[in-house]
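S.K.: okay, predicted coordinates and the sequence, questions at the end:
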There are 2 protein chains.
Amino acid sequence: MSIRPPLRQRKRQRARDQIVAAAFELFAERGFADVTVADIAERAEVGRTTFFRYFGDKQEVVFSEEQALMDDWVARHRALPPAPDLPTALDQTRGFTVALVREMTADADHFLQHERLLAANPELADRATRKYQRLVEAMSENLRAKGTPEPAATLAPQLALACYRTARHVAGSDPVALPAALEDAFEQLIGLSRR
Amino acid sequence: MSIRPPLRQRKRQRARDQIVAAAFELFAERGFADVTVADIAERAEVGRTTFFRYFGDKQEVVFSEEQALMDDWVARHRALPPAPDLPTALDQTRGFTVALVREMTADADHFLQHERLLAANPELADRATRKYQRLVEAMSENLRAKGTPEPAATLAPQLALACYRTARHVAGSDPVALPAALEDAFEQLIGLSRR
DNA sequence: TTCTAACTGGTACTCAGTACCATAACGGAC
DNA sequence: GTCCGTTATGGTACTGAGTACCAGTTAGAA
């Protein structure tokens, strides 16, 4: 007896996959703004209503995969050892963030496709910002739970985000240059201590 | 002959003010989500079309005053002396940001009213985040124009934003505690150097 | 006064997102 | 297999944001 999930669940997954595939096809053809939810539903061969049952809004489908990844990384972050002060927390966050970004940019094509969508649609970039913000807050929450005092628990992940944004600016949308730029930004930040 | 602007311009300003006043009244009465643009237009005694001529969307009216303030602060930032390296840039940015936040929180009632709106409406908080991000980018632009090298030009303002967010988390929505919390966050950050 | 440009508000439209409902299909019971 | 409750589906109908267009009005200059 195989461990495959029940039919219900498989159907759900298939419908979801169809919607995502249809959406990305259409976005690539016509751009995010010129695709309606009805278009996506039609190509995915589901009702318009069904689309909204799987995704809260049109933007959400763009981040469907990222969300799962992020949840995974938050869980991994929870397993990290305690960091009792800011320098320790920052160093730990540095290692974690660099690893996260390396994974995010590992599939360069996928990363670039996503980048292009965000670059062409400010509303999507805003949504991405919101996602990052939530990730950072989850990291702070984890640190706090393991005894890192305030404001270090909040500050360390926020500083990591600052480094990430800086790297994003310096490296443009080059997925290869991004990890190195991120390391450099952290170097500059930590380098404040050796002066 | 007085230096008052021509009638056209005064009328424009009055219409704009009426819309803003009507909007904030209604938001206070019913909350942002339960007020339609048609409601605002009606109370302001203008057509629905006119509303959209003054504000790009319903959210924008919430930030109408903040936007003018920010433009002003960006101009002031442009007049700051050059900062040739990261420590200098960070120190300069620290002073600037603290002053900015002190002004923002000076009118405690106004600040709190705004806070409540953002707290109750995540979409508005997102929009605020976008505004901050633009402010930070403008600051980076200024630094770059005056010769601050990368990544310091990008990093310094991003670090300031990290401190601000940290302060926001620590101080909650207390406008009195916020400036002090911000100073503390900067202390922690700069304090990395004295270790 | 007259002409032009700017401003206005109305109509009509598209589309996102929500509420509701009747129907179909899964999956467990016997 | 049959029956039944739960869950998923897709359709209809609605609200409200935002856009395009247009005809009428008004400021301000000639």
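M.R.: That came through, no problem.

S.K.: what residues does chain A have near DNA strand C?
M.R.: A:6-9, A:11, A:35-38, A:48-49, A:52, A:56-59 (Cβ under 7 Å from any atom of the strand). Backbone N, C-alpha and C define where each C-beta goes, glycine included.

S.K.: show me these that map onto helices.
M.R.: A:L7, A:R8, A:Q9, A:K11, A:V37, A:A38, A:R48, A:T49, A:F52 (DSSP state H).

S.K.: hmm, which two among those are most spread apart?
M.R.: Maximum pairwise distance among these (Cβ to Cβ): 27.9 Å, between A:L7 and A:A38.

S.K.: more neighbours, these two?
M.R.: Set side by side, A:L7 and A:A38 show more neighbours around A:A38, with 11 against 8, by other Cβ atoms under 10 Å in any protein chain shown.

S.K.: isn't the more buried one right up against A:R48?
M.R.: Yes. Using Cβ atoms under 8 Å, A:A38 is in contact with A:R48, at 5.3 Å.

S.K.: before we move on, back to that, any idea which of the ones in helices among the residues of chain A next to DNA strand C is least confident?
M.R.: When these are compared by pLDDT, A:L7 scores lowest at 65.

S.K.: centroid-nearest residue for chain A?
M.R.: The centroid of chain A falls nearest to A:E66 when counting by Cα atoms, centre = their mean (4.7 Å).

S.K.: pull the contacting residues for the closest residue to that one other than its chain neighbours.
M.R.: Distance criterion Cβ to Cβ, 6 or more residues apart in numbering or on different chains; nearest residue to A:E66, sequence neighbours excluded, is A:K131 at 6.7 Å. Counting by Cβ atoms under 8 Å, 6 or more residues apart in numbering or on different chains, A:K131 makes contact with A:F63, A:E66, A:Q67, A:M70.

S.K.: and A:P82, by the same measure?
M.R.: By Cβ under 8 Å, 6+ apart, A:P82 lies in contact with A:K146, A:G147, A:T148.

S.K.: now A:A79. Its backbone dihedrals?
M.R.: Dihedral pair for A:A79: phi -90, psi 0, per degrees, to the nearest 10.

S.K.: the residue nearest to A:E66: which element?
M.R.: In this assignment (DSSP states H and E), A:K131 forms part of helix A:122-145.

S.K.: which parts of that helix are buried?
M.R.: A:124-130, A:133, A:135-143 (16 or more other Cβ atoms under 10 Å in any protein chain shown).

S.K.: helices or strands next to the helix or strand that it is followed by in the packing?
M.R.: Using DSSP H and E, the helix or strand that follows helix A:122-145 in sequence is helix A:152-171. Applying 3 or more Cβ pairs under 8 Å, 6 or more residues apart in numbering or on different chains; DSSP states H and E, we find helix A:152-171 packed against helix A:86-106, helix A:122-145, helix A:177-190, helix B:152-171, helix B:177-190.

S.K.: list the contacts of A:A41.
M.R.: By Cβ under 8 Å, 6+ apart, the contact set of A:A41 is A:I19, A:A22, A:G47, A:R48, A:T50, A:F51.
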